[in-house]
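can you look at this prediction? I've put the sequence above it.
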Amino acid sequence: MTIADQVNTIERALGERMLHHAFSILHTWVHELGLPHYQDRMAQLLDNYDRLFDYYLSADDPEREEMLDKLTYQAYLLVDDVYADVRLRRGLSPQMIGYNPDNLQSVMQYFNSCVHLQEEDLRWFANLVEDPERQMMAMLTIQSLSINLRECFNEEAMLALIEAMNSEVEQVAIHATSAVIFLLAHYDVRVDYFHQMQGDFLNAIGDGTDAFETMVQYIELCRPSVVSRRKQTAEETLNQLLHLMQTPPEKRTREDALVTLLPESEREYMQGIVAILPDTWVFHVLVEDNEERESRVEESYLKIGRLEPMLERLPEAERWLVERLRSDKANALDYLNYGHCCFLRGDRMMAFESYRQARKMCDSLRSFYNIFRPDRGFLVDRGIPLEQVYMMEDQIIRSEGDA
């Protein structure tokens, strides 16, 4: 099992409060490091776990669930600390000594790679995000820190990032908000145990309107590569950011703040987060059973070619797609999803023609497979016999020779 597999196993096990399963991996890490303070914390954690189990057997206390949650939270904290040192021991993360606060590259490298951020680092970061003269550095530091946190979680750094959502510098606040939303989705299994993180986020978003708009804008930016713009070089990304800095604040848009900091290397990761977003705590906080917001976010998913959120409202999805196909914005995914709608309501001929058009708009047959095959599951789940799905795919392939 790789260290990445171990991290994922621990994350899931603790999220489901299967503490003993997580402890077995954690114990090997503590033994590998051989550091007395981790050994003491591990021993204390195991002792508390055994005591809690004995308490479970002998008492029917309604607070025992809360006690288990607190123990799980403590386990997460130990895992985060130990994992950071394991990464250093194995050379997976560099030993960072410091950074030059006046050098953008030095700052980005430090906040991207340092697994033991200090209090003074986070105080410097808090001052940075409030400085309008250094907003480019602030936005790039937020990006670097969020990448770091994806690899190695640090509660204090996460709280500092949430605090940055309150920045008086609007573009910085927008970028911090998007980073926090995606990190909360990334770590959804642990969110319930980090009460201060939840509370600080809820305080930061207020009524949730701005955060919701940021989430929707980011969803719409995460188009699959088959419909994305050409890949953007690092130099072009930096030039866009410099242009943003020169644009008067009143003319800047929320999308400007996000698109300039979505490098191609991040796009695949973000698409993965967007796929799971509707099942996360942060999504439900921002949507809040609000019909208007639900409709907006469903339309956003349609714009990036994801029909699944509207499977219960296919007629509405089909109407939206018809209008989309009449516009000059239609792409392969729009034709694909219109084909799905037709297939699901029994119009196989129209489905076939729509799929053929989607295929024509793809660079290759492989590109078409990449967007069609992941959807076969929900077509079958919605009542299309699997053999008909295969037959439709075969006919699309055969039609290549007739084109």
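Good, I have the coordinates.

look up phi and psi at residue 212.
phi -60, psi -40 (degrees, to the nearest 10).

that one reaches residue 285, doesn't it?
No: using CB atoms under 8 Å, residue 212 is not in contact with residue 285, being 9.5 Å away. Every residue, glycine included, has its C-beta placed from N, CA and C.

so which of the two has more stuff around it?
Set residue 212 next to residue 285 and count neighbours by other CB atoms under 10 Å: residue 212 wins out with 23 against 18.

identify the residue nearest that one in space, chain neighbours excluded?
residue 286 (4.6 Å; CB to CB, 6 or more residues apart in numbering).

can you show me the helices along the stretch 151-300 of the chain?
155-164, 170-186, 188-191, 195-205, 209-221, 234-246, 254-259, 264-276, 281-287, 291-303 (DSSP state H, counting those that start in this stretch).

so which of those helices is nearest residue 20?
With CB to CB as the criterion, residue 20 lies closest to helix 188-191 of the helices of the stretch 151-300 of the chain, at 17.0 Å.

what sits up against the closest one?
11-12, 14-16, 76, 153, 184, 197-198, 276, 279-282 (CB atoms under 8 Å, 6 or more residues apart in numbering).

hmm, 10 Å instead?
Identification of contacts with helix 188-191 by CB atoms under 10 Å, 6 or more residues apart in numbering yields 8, 11-16, 72-73, 76, 79-80, 153, 155, 183-185, 197-198, 201, 273, 276-277, 279-283, 285.

buried ones among those residues?
Applying 16 or more other CB atoms under 10 Å to these, the neighbour count classes 11, 13-15, 72-73, 76, 79, 153, 155, 183-185, 197-198, 201, 273, 277, 280-283, 285 as buried.

quick revisit: any idea how far the residue nearest to residue 212 lies from residue 165?
Note on residue 286: its distance to residue 165, by CB to CB, to the nearest Å, is 13 Å.

just residue 15 next, same as before
On the measure of CB to CB, residue 15 and residue 165 end up 24 Å apart.

also residue 269?
21 Å.

of those two, who's got more company?
residue 165 (26 against 14).

just checking, residue 392 touches residue 348?
Yes: contact criterion CB atoms under 10 Å: residue 392 and residue 348 qualify, at 7.4 Å.

out of these two, which sits in the busier spot?
A side-by-side neighbour count of residue 392 and residue 348, using other CB under 10 Å, places residue 392 first with 20 against 16.

show me what contacts the more buried one?
Per CB under 10 Å, 6+ apart, neighbours of residue 392: 339, 343, 348, 351-352, 355, 372, 376, 379, 384.

one more time with 8 Å, if that's ok
343, 348, 351-352, 355.

max pairwise distance over the residues you listed: which two?
Within the contacts of residue 392, 348 and 355 form the most distant pair, 10.2 Å apart (CB to CB).

how distant is the longest helix belonging to the chain from the center of its chain?
Using DSSP state H, we find that the single longest helix of the chain is helix 64-89. A distance of 22 Å separates the centroid of the chain from that of helix 64-89, by CA atoms, centre = their mean, to the nearest Å.

so for stretch 84-104, what's the average pLDDT?
Mean pLDDT, computed over stretch 84-104, is 94.

ok so, going back, which one of the contacts of residue 392 has the most neighbours?
Going by other CB under 10 Å, residue 355 tops the contacts of residue 392 with 25 neighbours.

nearest spatial neighbour of that one, skipping sequence neighbours?
Nearest non-adjacent residue to residue 355 (CB to CB, 6+ apart): residue 339, at 4.4 Å.

need phi/psi at residue 147.
Main-chain dihedrals, residue 147, degrees, to the nearest 10: phi -60, psi -40.

wait, isn't it in contact with residue 112?
Yes: with contact defined as CB under 8 Å, residue 147 counts as touching residue 112 (5.7 Å).

state the distance from residue 283 to residue 80.
24 Å.

I should have written residue 328 there, sorry.
Distance from residue 328 to residue 80, by CB to CB: 49 Å.

tell me which element residue 22 falls in.
Assessed by DSSP states H and E, residue 22 sits inside helix 19-33.

name the SS class of the closest residue to residue 152 other than its chain neighbours, please.
Sequence neighbours aside, residue 115 is the residue nearest to residue 152 in space, at 4.8 Å (criterion: CB to CB, 6+ apart). Assigned with DSSP: H, G, I helix; E, B strand; the rest coil, residue 115 falls in the coil class.

give me phi/psi at residue 115?
phi -90, psi 0.

what pLDDT does it get?
Value for residue 115, per-residue pLDDT: 96.

all numbers from here: first residue = 572
Yes, from this point I'll number from 572; that puts the last item at residue 686.
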